[in-house]
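>>> need a structure here:
(chains A and B)
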Amino acid sequence: MTGAAPMVVANNLGRRYGDRWAVSGVNVRLAPGRSLLLAGHNGAGKTTLLRLLAGLLRPSCGEVLRAGPVGMVGHRGGHWLDLSARETLRFDARLLGRPLDLVGAEALLVRFGLGDRGNGPVGDFSAGMRKRLALARLVLQDPAIVLLDEPYGELDADGSALVDVVVKDLLVRGKSLVMSTHLFDRAAHLLHHGLVLDHGRMAWVGPAAEVPAALGQVKAA
Amino acid sequence: MTVLSQTLAVAAKDARIEWRGRARTAAILGFAGTVLLLFSFAAAADTKTLTTHAAGYFWLALLLGSVLSLADAFRIETEDDALDGLLLLPVDPRAIFLGKALARTGALTVLALMLMPIAAVLYNVGVDGSWLQLAAFIVLGVAGLAAPGTLYSAMTSQVRGREVLLPLLLFPLVVPVVLAVVKGSGLALAGDPMGQASSWLGVLAVFDLVYWSVCPLVFSAVVER
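You can find the predicted model right below:
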C-alpha cells in the first residue's frame, strides 16, 4: 500500500473453495507502522483474506510474503477453554522464549480488565472477556504483523477503547496492521489505508477515512 | 527454544487440560470397562476362554476407549480455534505433534492401568510371567496407538463425521501394533518359557519407531488448510 521495505506483501492472492473464489486477485503491500482497514459486506472475503495473510490458509493462487512473525485476533477467542487466563499467558510466554512470572501475567491481566478472573477456566468467560484475553495474548506476543478480525465484536465501551489504545500503540511501535471491522467510523480515525472487498475482489482502495462512502458506492453498484 | 523444550511445554499444557477434564476420562474408563464386561458375557461361563484370551479382550477394550481419548487431542484445539494461535507462535510443528502425542500416551497409559484390575477380576487372570515385560508391552503398545491416533485426530478434527472417520482410518493402521501387543502381553501374563516375548517387543519397538518418526514430519502438511 505504501512505503519501502514492506512487512507484508500479497501478490495476486486468491483462495477457492470448490468452484467459488472466496478471494481473488488481491494485492496488498504494507510498510512498518502502516495499517489497512479491510471493509466489505458479509461474505465479501475479509476473514479469508486475513487468514491467507496470516498463513493459516494455503492460497489457491498468488503468494504472501511476510518479513516477521504474525499475530492474529480472530472471530473466536482462540483459547484452550480448560486453562485459566493466567496459564494461557504463561504457556504462550514459554513458547515465545520469554518466560512470564506471576507478577508479569497479573499486570497484563489487570491491564485488560481480567485481573479478578485470572485463575478461572477461560471456558467460563463471556465472549467479551475472551476477546480481552486474545488482545492480552497479542500484546504479549508482540508480533511484527498484526491481523485483527472484528476486534470490537462482543466488547463493551471500555473494551472497545482498549482496542483503540492497543492499535495506536502497535502502530507507534512500527507494527504493520490489518483490521477487518464493520465499525468503519471508529477504525477510520486510527488506520491509514482502506480496502473494500466485494465478492472476494478488490472493489476500492484509498484512504481509510473514505471507506464508509466507498462501501456505500460498492453496495449501490 | 529447542524442539524438546517446546514438546515438553505442549505436553504439559495438554496434560493439564486432560486433568481438568478428568470427568470425561472417567467416562472413557466407564466405556472401556463396559466393553470388558460385555466380552465376559459373550464368553458366557467359559472361564477358560476368558482367561486364555484376556490379553486380546483387554487390548480391544483399550483400543475402543482410545478412540474417544485420541479424538480429544484436537477437539481441545479446535473448539475455540486455539490451534490457529498455536500455529502462529514460533513453535516447530513437530513439537506440537510430539507434545500432543506424548500427552496422549500418558493419558492412554493411565487408562490402561485403570483397566487392568477390572480385567484381572472379570477374567480371573494374574501375572504368571513377567511384570516388567507386561509394563513394556503396555507402554510400547499405547505409544503405538498414540502417534498415528494423534495424527489422524488432527486430520479429522475439522471434517464432518470425524467420530466415524477416526476409527475407520486408525484401526487398519494399528493392526500390527494390536497383533504384537496381544501376543506379547499374553506371554507376559501366562509365562514365556520359549522366550518369544522379546521378539514381539522388537516388532512393537520397530512400529513405534516408524510411527513416531514419520508422523511428526507429515503433521505440518495435515494442519495446513
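
>>> all helices for chain B, in order.
Using DSSP state H, the helices assigned to chain B run over residues B:3-20, B:22-42, B:47-52, B:54-78, B:82-88, B:93-123, B:131-156, B:162-173, B:175-190, B:197-223.

>>> among these, which is nearest A:His75?
Checking the helices of chain B against A:His75 by C-beta to C-beta gives helix B:82-88 as the closest, at 10.3 Å. For glycine as for every other residue, the C-beta is placed from the backbone atoms N, C-alpha and C.

>>> Would the closest one count as contacting chain A?
Yes - under the criterion of C-beta under 8 Å from any C-beta of the partner chain, chain A is reached by helix B:82-88 at B:Ala82, B:Asp84, B:Gly85, B:Leu87, B:Leu88.

>>> Against which helices or strands is the helix or strand of chain B with the lowest mean pLDDT packed?
Sorting the helices and strands of chain B by mean pLDDT, DSSP states H and E puts helix B:47-52 at the bottom, at a mean of 82. Contact here means 3 or more C-beta pairs under 8 Å, 6 or more residues apart in numbering or on different chains; DSSP states H and E; on that basis helix B:47-52 packs against helix B:93-123.

>>> And the helix it packs on, what's buried?
For helix B:93-123, the neighbour count (16 or more other C-beta atoms under 10 Å in any protein chain shown) marks B:93-112, B:114-116, B:118-119, B:122-123 as buried.

>>> before we move on, back to that, residues of the least confident helix or strand of chain B that come out buried?
Buried, per 16+ other C-beta under 10 Å, within helix B:47-52: B:Thr49, B:Leu50.

>>> what's the pLDDT at the closest residue to B:Gln6 other than its chain neighbours?
Once flanking residues are discounted, B:Gln6 sits nearest to B:Ala95: 3.5 Å by C-beta to C-beta, 6 or more residues apart in numbering or on different chains. Model confidence at B:Ala95, given as pLDDT, is 95.

>>> how about the residues of chain B near chain A?
Checking chain B against chain A by C-beta under 8 Å from any C-beta, the hits are B:1, B:6, B:9, B:13, B:16-17, B:20-21, B:76-77, B:79-82, B:84-85, B:87-91, B:224-225.

>>> Let's see that with 7 Å instead.
Contact residues, chain B versus chain A (C-beta under 7 Å from any C-beta of the partner chain): B:1, B:6, B:9, B:13, B:16-17, B:20-21, B:76, B:79-82, B:84-85, B:87-91, B:224-225.

>>> Quick check, central residue of chain A?
Residue closest to the average C-alpha location in chain A (C-alpha atoms, centre = their mean): A:Leu148, at 1.2 Å.

>>> measure that one to A:Ala134 for me?
Going from A:Leu148 to A:Ala134 by C-beta to C-beta, to the nearest Å gives 10 Å.

>>> ditto for B:Ala44
From B:Ala44 to A:Ala134 the distance is 57 Å (C-beta to C-beta).

>>> neighbour-wise, which of the two wins?
The neighbour comparison of B:Ala44 against A:Ala134 (other C-beta atoms under 10 Å in any protein chain shown) goes to A:Ala134, with 24 against 9.

>>> A:Leu148 - that's part of a strand, no?
Yes - counting by DSSP: H, G, I helix; E, B strand; the rest coil, A:Leu148 is part of a strand.

>>> ok but A:Val178 is inside a helix, no?
No - secondary structure of A:Val178 (three-state DSSP): strand, not part of a helix.

>>> Spatially, what comes nearest to it if we skip its sequence neighbours?
Of all residues beyond its chain neighbours, the one nearest A:Val178 is A:Leu36 (4.6 Å), with distances taken as C-beta to C-beta, 6+ apart.

>>> Need the CA coordinates for the strand or helix carrying the one you found. CSV is fine.
Per DSSP states H and E: A:Leu36 is located in strand A:35-40. This file holds the C-alpha atoms of strand A:35-40, laid out as CSV (Å, rounded to 0.1, in the frame of the first residue of the first chain):
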residue,chain,number,x,y,z
SER,A,35,-2.3,0.0,8.6
LEU,A,36,-5.1,-1.2,6.4
LEU,A,37,-8.8,-1.1,7.1
LEU,A,38,-10.5,-4.1,5.4
ALA,A,39,-14.1,-3.5,4.7
GLY,A,40,-16.9,-5.3,2.8
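
>>> who's in contact with stretch A:141-148?
Applying C-beta atoms under 7 Å, 6 or more residues apart in numbering or on different chains, the contact partners of stretch A:141-148 are A:7-8, A:50, A:53-54, A:66-73, A:92, A:96, A:138, A:170, A:175-180.

>>> Give me the pLDDT for A:Ala10.
96.

>>> Would you mind naming the residues that bridge with it?
A:Val28, A:Val64 (DSSP bridges).

>>> Stretch A:158-175 and chain B, any residue contact?
No - Stretch A:158-175 stays clear of chain B (C-beta under 7 Å from any C-beta), getting no nearer than 14.3 Å.

>>> how about that stretch: buried residues?
By neighbour count with 16+ other C-beta under 10 Å, stretch A:158-175 contains the buried residues A:Gly159, A:Ser160, A:Leu162, A:Val163, A:Val166, A:Val167, A:Leu170, A:Leu171, A:Lys175.

>>> returning to that earlier point: I'd like the helices of chain B laid out as TSV, including distance to A:Gly62.
Formatted as TSV, those follow (distance: least, C-beta to C-beta, whole Å):
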stretch	distance to A:Gly62
helix B:3-20	31
helix B:22-42	43
helix B:47-52	63
helix B:54-78	27
helix B:82-88	20
helix B:93-123	23
helix B:131-156	26
helix B:162-173	31
helix B:175-190	43
helix B:197-223	20
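
>>> Which of those helices comes out lowest on mean pLDDT?
Note on these: helix B:47-52 shows the lowest mean pLDDT, a mean of 82.

>>> Contacts for that helix next, please.
B:Ser40, B:Ala43, B:Tyr123, B:Asn124, B:Val125.

>>> same thing but at 8 Å, please
Residues from elsewhere that reach helix B:47-52, judged by C-beta atoms under 8 Å, 6 or more residues apart in numbering or on different chains: B:Phe39, B:Ser40, B:Ala43, B:Tyr57, B:Leu122, B:Tyr123, B:Asn124, B:Val125.

>>> Any chance of a PyMOL selection covering the buried ones in those residues?
Typed into PyMOL, the line below selects the buried ones among these, using 16+ other C-beta under 10 Å:
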select buried, chain B and resi 39+40+43+57+122+123+125
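
>>> so where's chain A shaky on pLDDT?
A:1-4, A:219-221 (pLDDT under 70).
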